[in-house]
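Peer 1: Take this sequence and fold it.
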Amino acid sequence: VALLARIPRVAGGGTNRSGQGAFGNMCRGGRMFAPSKTWRKWQRKSNLNQRRYATASALAASAVAALVQARGHRIDRVPEVPLVLSKEVESITKTKDAINVLKRFGAYEEVNRAKASRKIRTGVGKMRNRRYVVRRGPLVVYAQDNGITRAFRNLPGIELAHVSRLGLLRLAPGGHLGRFIIWTEDAFKQLDTIYGTYAKASSTKSGYTLPQQLMAHSDLQRIIN
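Peer 2: Numbers count the residues shown, from 1 in each chain. Below is the predicted model of the structure:
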């Protein structure tokens, strides 16, 4: 008499699948142990001022070329960081025109980098309508959508955001500072209105002032030596 492990098995006959253990958490095709519940506390609350501090820090880091390159962005041919384009860019409606703009300012290499990074996702997510993953490219920030979202949305790796709705997950994906951001002229001007300056408080965030620098020069080694 053959001894079989006491594990729930597939019923029936006539196929190799019959008699196989399939329902336990240790079996192929079985359920997971202690399935996660939908009522789990998925999000964690954080203080508003801390979120604003993180957003301001991410915006400041995007203006430091060394941090942008350390994050993997290829900006060797970009004339300056941050890259601010004229407000006429917001009226572009064709993708071919958007490509010409990126090539003119040396930012199209980022699109090629994202395009070459496309690969199949590891894990079960490949079967859940998110089969491919692509590296993050430039973030295009605009003030008025006069067609700019239609022009840039189909380019690999490029994301778009309104200047008043900048999220931390887009400014610092994966928690890594230094996202390569392409600004339009009007969007860049609105930063002083939204976040304020050291001389003038924000007009949209009540009681908010920009975080002050604790050190005027943070390179201690250079100061000591």
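Peer 1: Flag every buried residue along the longest helix seen in the chain.
Peer 2: The longest helix of the chain (DSSP state H) is helix 48-61. Judged by neighbour count (16 or more other CB atoms under 10 Å), helix 48-61 contains these buried residues: 52, 54-56, 58-59, 61. The way it works is simple: take the backbone N, C-alpha and C, and place the C-beta from them, glycine included.
Peer 1: Tabulate the CA atom coordinates of that helix in CSV.
Peer 2: C-alpha atoms of helix 48-61 as CSV (Å, rounded to 0.1, in the frame of the first residue of the first chain):
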residue,chain,number,x,y,z
LEU,A,48,1.7,67.7,6.2
ASN,A,49,4.8,69.8,7.0
GLN,A,50,7.0,66.7,6.6
ARG,A,51,5.5,66.0,3.2
ARG,A,52,6.1,69.6,2.1
TYR,A,53,9.7,69.4,3.4
ALA,A,54,10.3,66.3,1.3
THR,A,55,8.7,67.8,-1.8
ALA,A,56,10.8,71.0,-1.5
SER,A,57,13.9,68.8,-0.9
ALA,A,58,13.2,66.8,-4.0
LEU,A,59,12.7,69.9,-6.1
ALA,A,60,16.0,71.3,-4.8
ALA,A,61,17.8,68.1,-5.6
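Peer 1: mean confidence score for it?
Peer 2: Mean per-residue pLDDT for helix 48-61: 94.
Peer 1: out of the buried residues of helix 48-61, who's nearest residue 147?
Peer 2: Of all those, residue 147 sits closest to residue 59, with 25.3 Å by CB to CB.
Peer 1: Residues in contact with the helix or strand bottoming out on mean pLDDT in the chain: which ones?
Peer 2: When each helix and strand of the chain is scored by mean pLDDT, DSSP states H and E, helix 220-224 comes last, with a mean of 82. The contact list for helix 220-224 (CB atoms under 8 Å, 6 or more residues apart in numbering) reads residue 217.
Peer 1: per-residue confidence averaged over stretch 141-154?
Peer 2: 96.
Peer 1: what's the answer for stretch 197-216, then?
Peer 2: Computed over stretch 197-216, the average pLDDT equals 86.
Peer 1: where does residue 99 fall, phi/psi-wise?
Peer 2: phi -60, psi -40 (degrees, to the nearest 10).
Peer 1: meant to ask about residue 182, not that
Peer 2: phi -110, psi 120.
Peer 1: Now do the contacts for it.
Peer 2: Contacts of residue 182 by CB under 8 Å, 6+ apart are 83, 85, 107, 138-141.
Peer 1: What separation do you get for it and residue 140?
Peer 2: 5 Å (CB to CB, to the nearest Å).
Peer 1: on that earlier part again, which ones among the contacts of residue 182 map onto strands?
Peer 2: Judged by DSSP state E, strands contain the following of these: 83, 85, 139-141.
Peer 1: from memory residue 84 sits against residue 188, does it?
Peer 2: Yes - with contacts counted by CB atoms under 8 Å, residue 84 reaches residue 188, the gap being 4.9 Å.
Peer 1: hang on, the earlier thing: and the buried residues of helix 48-61, which is closest to residue 32?
Peer 2: Nearest to residue 32 out of the buried residues of helix 48-61 is residue 54 (CB to CB; 33.7 Å).
Peer 1: what's the neighbour count on residue 155?
Peer 2: 21 (other CB atoms under 10 Å).
Peer 1: Do a quick rundown of the helices in this structure.
Peer 2: 48-61, 65-70, 95-104, 108-116, 148-152, 168-171, 185-195, 220-224.
Peer 1: Check the offset of the longest one from the chain's centre.
Peer 2: In this case it means helix 48-61. With CA atoms, centre = their mean, to the nearest Å as the basis, helix 48-61 stands 15 Å off its chain's centre.
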